[in-house]
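Chemist: here's a sequence, model it:
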Amino acid sequence: MTIKTDNRHLYLQVIDRLKRDIDKGVYKEKERLPSEFELSRQLGISRATLREALRILEEENRIVRRHGVGTFVNAKPLFTSGIEQLYSVTDMIKMAGMEPGTIFLSSTNQSPTDEDRSRFLKTAEEEMTVIERVRTANGDPVVYCVDKVPAALMPSSFTHKDGSMFSLLEENGDHFISHAVTHIEPVGYHEKISPILECEPETALLVLKQLHFDDKDEPILYSLNYFRADRFNFHVVRKRV
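Modeler: Here you go, the predicted model:
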């Protein structure tokens, strides 16, 4: 059965058809799709049309193409969140019905960088506490976190077992985080972080760089969170003004 049933460009029809087949389980997660020759024959289209559709599906992270091996269906993201909603990583994992965990890597006090002094309006003498951790979901590593907090704001009760920085600062430090300024950057394979998150070579990362403010509009936390792009999906609602 071919897909030439409407007046749209053929590659758009191919995209819709393959998405439906993936959603219905015709092609399962992490399963290899038929070869380009076989798939184009099944759909009654040219290989050039098929390649354009596959290119877009790869950009949308629905499939991944491995050179010399084949094309595979990507696993659906386990976590999805509106980027306009500020959740801690712990809360995101809980909302997905999974158990959050923490692998502690390091905690050090350091002199502030020029960027730190600019963000937090600190002097060169005021130290920053830098914490590196891996957040897990049901035991699987999914986020690599680097958090920077002015050392004077860090609660003395901090332990390596603490999970959410939001809860730590709010419950033990009496600083309620109300909002954050966020920048999102895509990153390819990262030599240090990708192996820690057990990524395949083609698995991309999404980096959220966030400066968090308390309810007095004071900056109190800067975080670098590296999310596995095949596990997390972020979206935003945009309104016309």
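Chemist: can we go C-alpha only for contacts and neighbour counts from here?
Modeler: Fine.
Chemist: quick one: name whatever helix or strand follows the helix or strand of the chain with the lowest mean pLDDT.
Modeler: Every helix and strand in the chain was compared by mean pLDDT, DSSP states H and E; the lowest is strand 79-82, with a mean of 70. Counting by DSSP states H and E, the next helix or strand C-terminal to strand 79-82 is helix 89-95.
Chemist: how far away is the closest residue to residue 78 other than its chain neighbours from residue 224?
Modeler: Excluding the flanking residues, the one nearest residue 78 by Cα to Cα, 6 or more residues apart in numbering is residue 231, at 5.1 Å. According to Cα to Cα, to the nearest Å, residue 231 stands 17 Å off from residue 224.
Chemist: comparing these two, which residue is more hemmed in?
Modeler: residue 224 (20 against 17; other Cα atoms under 10 Å).
Chemist: can you confirm that one is in a strand?
Modeler: Yes - per DSSP: H, G, I helix; E, B strand; the rest coil, residue 224 lies within a strand segment.
Chemist: element containing residue 178?
Modeler: strand 177-187.
Chemist: give me the distance from the top helix by length along the chain to the chain's centre.
Modeler: Criterion DSSP state H: the longest helix present in the chain is helix 10-24. Helix 10-24 has its C-alpha centroid displaced from the chain centroid by 25 Å (Cα atoms, centre = their mean, to the nearest Å).
Chemist: which residues sit against that helix?
Modeler: Identification of contacts with helix 10-24 by Cα atoms under 8 Å, 6 or more residues apart in numbering yields 3-4, 27-29, 43, 45, 49-50, 52-54, 56-57, 73.
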